[in-house]
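S.K.: Fold the following, please.
(one chain, ligands or ions: 1)
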Amino acid sequence: MKPGDDLVILGGGCAGLSLAMRLAQLGEQCPQTIIVEPRDSYVNDRTWCFWDAPPAQLTSLVRHRWNRFEVMAGDRRLEVDCTASPYAMIPASAFYETALKAVAGNSRLRLLTGERLDGEPVRRGDRWEITTAQGVFRPRWIVDTRPTRPPRRGDALLWQSFLGQEIRCETECFNPGCATLMDFLPGTGEGIMFLYVLPTTTCQALVEVTSFAPDPLGPDSLQPMLTNALAARLKIARPQVIRAESGSLPMGLSPVQAQPHPDWIRAGLTGGAARPASGFAFQRIQRWADHCAVQLAQGLRPCAQPAEPWPIRAMDDLFLRVLRRYPEAAPDLFMRLFAMRDTSAMVRFMSDCPRWVDYYRIIRALPPGLFLRELGKTRFS
Ligand SMILES: Cc1cc2nc3c(=O)[nH]c(=O)nc-3n(C[C@H](O)[C@H](O)[C@H](O)COP(=O)(O)OP(=O)(O)OC[C@H]3O[C@@H](n4cnc5c(N)ncnc54)[C@H](O)[C@@H]3O)c2cc1C
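M.R.: Residues are numbered from 1 along each chain as shown. Got it, this is the predicted structure:
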């Protein structure tokens with residue numbers, strides 16, 4: 001049995017490595033930390049996007065920025081200038097490379113790849129006992145970023161499911177200066193479907209088909225829609241597929257997982273890191289990692305993802321309920337939001353740092369009817 005470590009991080013993905021990077025910067029003050037990660041090696045398995053405006057972090061890892069974006073629904077097209085806060089993209093490979101280098105640079109951190117737990121952590125006195133093939137660890141604290149269970153209906157108000165392919169074409173068919181955030185496709189029953197296109201050159205782009213629906217959809221269900229959208233919508237016949245990515249993100253996790261113990265906290269997506277209205281989590285994880293590392297540096301227990309301020313929680317919740325009940329209204333609602341004269345109000349709201357006036361601007365941009373009807377239904381049902 002090993003003498004006690006301070007901390008075990010379960011899962012070396014975005015949240016686990018984000019925390020590890022901050023701890024690595026503490027030098028000798030870094031708690032003795034083990035990171036348990038089942039994958040053997042890291043590949044470019046996802047693309048993280050966010051609005052590049054304060055308080056965005058890790059912006060040195062950004063590999064592409066778009067100063068314009070478009071939203072399309074049928075024959076309506078809206079193009080927006082977002083030069084003040086560009087839409088930015090970090091490939092997972094850039095993040096993993098930086099994080100792994102930081103971890104390797106501090107001997108107080110150990111990343112165990114290709115490793116899994118043998119059973120769940122067990123409480124023994126004031127420590128945890130964690131058994132793996134490489135030994136038994138006895139940390140004071142656990143930060144657990146493992147997924148708890150596969151996505152399923154009822155665990156979130158809506159699931160954002162997507163399948164994307166990074167493709168290369170022989171002809172020039174993209175504008176690398178403009179990202180397509182939403183190009184609405186005909187809906188399927190309860191769901192909202194749209195294309196998301198991130199062009200990095202005139203011949204190369206990440207093209208994703210995305211669904212917002214009460215049921216999560218796997219990549220196999222989304223593949224025919226992606227193939228069809230590439231051919232019919234983008235007129236791209238046989239692109240070279242460089243890589244693929246997919247996922248199902250909770251929008252309005254219900255209820256947020258209770259923390260197992262004050263000394264064993266969940267973080268990352270299962271700890272409620274995804275912003276309900278967008279499913280985006282990357283920048284929220286960075287802010288949590290900052291706070292958590294400060295706590296640990298002071299010898300305090302790790303902290304969980306902070307709860308949303310109530311106005312954001314209430315507005316996200318109502319917006320998602322409206323989308324869920326009236327999916328056919330989604331194109332119009334998003335068009336109105338993105339058409340707001342002051343894009344920075346929407347960016348601040350989506351980046352978790354709205355001013356009071358931004359709430360007012362967003363409420364004013366949306367049609368009151370559906371929202372009042374939904375409020376009435378929620379209140380009296
Ligand atoms: C394809 C994709 C694209 C995304 N794009 C964006 C985006 O553009 N912007 C944005 O803000 N968010 C985005 N997200 C959402 C979110 O930022 C990511 O999902 C992010 O990776 C979540 O971090 P995490 O640490 O919770 O999960 P992960 O990064 O998935 O890390 C969880 C880790 O736990 C490990 N693990 C699994 N089982 C075990 C086990 N039994 N024991 C130990 N470890 C285990 C996994 O191997 C993994 O390394 C995207 C998600 C996906 C999947």
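
S.K.: Strands along the stretch 151-300 of the chain, start to end?
M.R.: 156-168, 178-185, 192-199, 204-213, 240-253, 264-266 (DSSP state E, counting those that start in this stretch).

S.K.: In TSV, list those along with mean pLDDT and distance to the ligand.
M.R.: For the C-beta atoms, the positions are set from N, CA and C on the backbone; glycine is no exception. Listed next are the strands of the stretch 151-300 of the chain as TSV, based on pLDDT from 0 to 100; distance: least, Cβ to the nearest ligand atom, whole Å:
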stretch	mean pLDDT	distance to the ligand
strand 156-168	97	7
strand 178-185	97	11
strand 192-199	97	9
strand 204-213	97	9
strand 240-253	95	3
strand 264-266	96	9
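
S.K.: With distance to Ala20 and mean neighbour count as new columns, can those be given to me in a markdown table?
M.R.: As requested, the strands of the stretch 151-300 of the chain are exported to a markdown table (distance: least, Cβ to Cβ, whole Å; neighbours: other Cβ atoms under 10 Å):
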| stretch | distance to Ala20 | mean neighbour count |
| --- | --- | --- |
| strand 156-168 | 27 | 22 |
| strand 178-185 | 30 | 22 |
| strand 192-199 | 28 | 22 |
| strand 204-213 | 27 | 24 |
| strand 240-253 | 22 | 18 |
| strand 264-266 | 15 | 21 |
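
S.K.: Contact partners for Glu190?
M.R.: 213-215, 324, 327 (Cβ atoms under 8 Å, 6 or more residues apart in numbering).

S.K.: follow-up on the earlier one: is it possible to export the strands of the stretch 151-300 of the chain to CSV including distance to Ser41?
M.R.: As requested, these are exported to CSV (distance: least, Cβ to Cβ, whole Å):
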stretch, distance to Ser41
strand 156-168, 19
strand 178-185, 30
strand 192-199, 25
strand 204-213, 22
strand 240-253, 15
strand 264-266, 25
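
S.K.: just so I know, which of those lies nearest Gly13?
M.R.: strand 240-253 (11.6 Å; Cβ to Cβ).

S.K.: Pull the distance from that closest one to the chain's centre.
M.R.: Centroid separation for strand 240-253 versus its chain: 10 Å, with Cα atoms, centre = their mean, to the nearest Å.

S.K.: just for the stretch 251-381 of the chain, where's the confidence low?
M.R.: 254-257, 379-381 (pLDDT under 70).

S.K.: can you tell if stretch 278-285 touches the ligand?
M.R.: Yes: interface with the ligand: stretch 278-285 contributes 280-282, 285 (Cβ under 6 Å from any ligand atom).

S.K.: end-to-end on that stretch?
M.R.: By Cα to Cα, to the nearest Å, the extent of stretch 278-285 from end to end equals 14 Å.

S.K.: Give the buried residues for that stretch.
M.R.: 279-285 (16 or more other Cβ atoms under 10 Å).

S.K.: wait, what's in contact with Phe50?
M.R.: Per Cβ under 8 Å, 6+ apart, neighbours of Phe50: 56, 87-88, 280, 282-283, 351.

S.K.: what's the closest non-adjacent residue to it?
M.R.: Spatial nearest neighbour of Phe50, excluding adjacent residues (Cβ to Cβ, 6 or more residues apart in numbering): Gln283 at 4.8 Å.

S.K.: can you tell me which residues contact Ala289?
M.R.: Ala289 sits next to 15, 18-19, 21-22 when contact means Cβ under 8 Å, 6+ apart.

S.K.: and the residue of the protein nearest the ligand?
M.R.: Of all residues in the chain, Gly13 sits closest to the ligand, at 1.8 Å by Cβ to the nearest ligand atom.

S.K.: Not counting sequence-adjacent ones, nearest residue to that residue?
M.R.: Gly13's closest residue in space is Thr145 (Cβ to Cβ, 6+ apart), at 6.1 Å.

S.K.: I'd guessed the one you found sits against Ile265; true?
M.R.: No: taking contacts as Cβ atoms under 8 Å, Thr145 lies outside contact range of Ile265: 9.8 Å.

S.K.: Cool, thanks, signing off.
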